[in-house]
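> need a 3D model of the sequence below.
(one chain, ligands or ions: 2)
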Amino acid sequence: MERLVDSFGRVVNYLRVSVTDRCNLRCQYCMPADGVPWVPREQVLSFEEIVRVVRIMTELSITKVRITGGEPLVRRRLPELIERLSSLPGLDDISLTTNGVLLASQAHALFRAGLGRINISLDSLRPDSYASITRANLFGRIKEGIQAAVEAGFDPIKLNMVVIRGVNDDEIADFARLTRHSSFEVRFLEYMPLDGYGNWDRTKLVSGLEILERLRAVGELASIQSGDPSEVAQKFRLQGFQGQIGLILPVTAPFCANCSRLRVTAEGFLKNCLFGQEEWNVRDLMRSGGSDDEIRAMIRLSVFRKKAAFGGLDLDLDRSARNMSQIGG
Ligand code: SAM
Ligand code: SF4
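Residues are numbered from 1 along each chain as shown. Ligands and ions are numbered 1, 2, ... in the order given. So this is what the prediction gives:
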């Protein structure tokens with residue numbers, strides 16, 4: 001089988017598909033309070049178009065797909081898409097990243113449809129702080145969503161926390177303690193300059209080293225080797241604890257050298273990096289009658305043009321023009 005290999009020899013096998021740019025939260029680190037203009041619905045890829053692109057990619061070297069957004073669960077009939085993707089030969093891992101707001105009613109249907117893994121974003125364990133970060137008073141709903149995901153059978157469930165100085169960094173230890181009696185993997189993410197409107201600055205960044213220091217105050221940390229060179233999280237376990245801890249440090253310990261990712265935005269642009277400024281319009285190609293061969297050629301080109309790191313940006317000088325919800329986090 002032909003493999004997707006970029007000009008640095010990195011093999012691309014992991015696709016992140018955004019199914020919507022819309023969201024029911026307004027997290028401070030991702031969106032402005034008034035939101036961002038939504039992409040008109042007719043410009044968003046249909047399920048047929050998503051399945052076609054993913055099918056062509058699985059005929060190349062893509063074996064893993066993560067569904068994201070915006071908030072993927074606001075896309076209607078999502079379990080139907082999961083079911084269709086899970087019948088594609090060669091796709092052996094389908095995962096989802098969600099804010100959990102709508103998970104209580106959808107977790108079982110998603111599991112039955114073939115969703116393998118789920119990451120839930122949870123930035124605070126305090127309802128008031130959660131409300132201030134997400135600009136929505138929905139902490140109770142997320143708790144129900146997490147419970148429903150456990151009951152549906154997802155295991156382990158990953159909980160993603162973006163650590164921001166002065167906002168939630170005092171909760172690092174509390175989050176780590178969640179792994180004492182549960183199989184949760186708690187993942188601490190460094191705050192990235194990807195808010196599209198300039199909220200980020202280095203003073204708000206809590207580095208991985210600092211996060212580790214705070215974790216060592218909870219207990220003895222043992223490193224876990226995953227054996228997968230494209231794994232972005234550095235993994236640990238606190239001694240005597242059941243669950244794991246993951247550190248995702250795109251700012252201070254970037255994983256670009258082992259990057260295996262490609263992205264499709266909700267409106268059907270291929271992106272070869274979260275920070276990348278180049279985009280390839282696979283939607284228009286499909287809608288103008290493009291053949292599978294032409295789509296394959298576009299995919300190969302986008303992979304070949306992957307930059308060595310950060311999409312060629314200097315994080316101290318440049319800013320991505322789009323925020324995470326628009327790219328597909
Ligand atoms: N709405 C879903 C959610 O929040 O999980 C999926 C999309 S969201 C853009 C994907 C992930 O990106 C979330 O875990 C979120 O916390 C993270 N994220 C968004 N903006 C970020 C930033 N500036 N720095 C680090 N992580 C960010
Ligand atoms: Fe929405 Fe996810 Fe962005 Fe929060 S991080 S505003 S939940 S897309």
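
> CA atoms for contacts and neighbours, from now on please.
OK.

> show me the beta-bridge partners of the residue lying closest to Lys235 once chain neighbours are set aside.
Distances taken as C-alpha to C-alpha, 6 or more residues apart in numbering place Gly246 nearest to Lys235, at 4.5 Å, with adjacent residues excluded. Here Gly246 shows beta-bridge partners Arg187, Lys235, assigned using DSSP bridges.

> Gly246 touches Thr179, doesn't it?
No: the pair Gly246 and Thr179 does not pass the contact test of C-alpha atoms under 8 Å, sitting 11.1 Å apart.

> now list whatever residues contact both of those two.
Glu185, Val186 (C-alpha atoms under 8 Å, 6 or more residues apart in numbering).

> returning to what we had before: check contacts around the residue nearest to Lys235.
Applying C-alpha under 8 Å, 6+ apart to Gly246 gives the contacts Glu185, Val186, Arg187, Phe188, Ala233, Gln234, Lys235, Phe236.

> gap between the third one and ligand 1?
Shown here: Arg187 relative to ligand 1, a distance of 9 Å by C-alpha to the nearest ligand atom, to the nearest Å.

> how far away is that residue from Lys307?
Going from Arg187 to Lys307 by C-alpha to C-alpha, to the nearest Å gives 26 Å.

> which of the two has more neighbours?
For Arg187 and Lys307, the more surrounded residue by other C-alpha atoms under 10 Å is Arg187, and the numbers stand at 26 against 19.

> surely the more buried one meets Asn160?
Yes: in this structure Arg187 lies within contact range of Asn160 using C-alpha under 8 Å: 4.8 Å.

> can you pull out the helices in the stretch 1-150 of the chain?
47-58, 78-86, 103-113, 127-134, 139-152 (DSSP state H, counting those that start in this stretch).

> now swap in the stretch 151-300 of the chain and tell me
For the stretch 151-300 of the chain, the helices defined by DSSP H, counting those that start in this stretch cover 172-177, 208-216, 282-287, 292-304.

> how close does the nearest residue to Gln277 once chain neighbours are set aside get to Phe269?
Spatially, and ignoring its direct neighbours in sequence, Gln277 is nearest to Gly311 (6.8 Å; C-alpha to C-alpha, 6+ apart). To Phe269, Gly311 is 15 Å away according to C-alpha to C-alpha.

> same thing with Ala148?
From Ala148 over to Phe269 (counting by C-alpha to C-alpha), the distance is 33 Å.

> kindly report the residues of the chain close to ligand 2.
Cys23, Leu25, Arg26, Cys27, Cys30, Met31, Gly69, Gly70, Glu71, Asn99, Ser325 (C-alpha under 6 Å from any ligand atom).

> redo that, cut-off 8 Å
When proximity is defined as C-alpha under 8 Å from any ligand atom, the chain approaches ligand 2 at 21-31, 69-71, 98-99, 121, 134, 324-326, 328-329.

> which of these fall in strands?
Residues of the residues of the chain next to ligand 2 located in strands (DSSP state E): Thr98, Ser121.

> just the pLDDT at the residue of the chain most remote from its centre, thanks.
Computed with C-alpha atoms, centre = their mean, the maximum C-alpha offset from the centroid of the chain is found at Gly289, amounting to 30.7 Å. Looking at Gly289, its pLDDT is 98.

> how about the residues of the stretch 1-150 of the chain by ligand 1?
23, 25, 27, 29-31, 68-72, 96-100, 119-123.

> give me that answer again for 6 Å
Tyr29, Cys30, Thr68, Gly69, Gly70, Glu71, Thr97, Thr98, Asn99, Ile120, Ser121.

> among those residues, which one sits closest to Val17?
Thr68 (5.9 Å; C-alpha to C-alpha).

> residues near the residue nearest to that closest one when sequence neighbours are not counted, how many?
Leaving aside its chain neighbours, Thr68 sits nearest to Ser18 (4.7 Å; criterion: C-alpha to C-alpha, 6+ apart). Neighbourhood size, Ser18 [other C-alpha under 10 Å]: 30.
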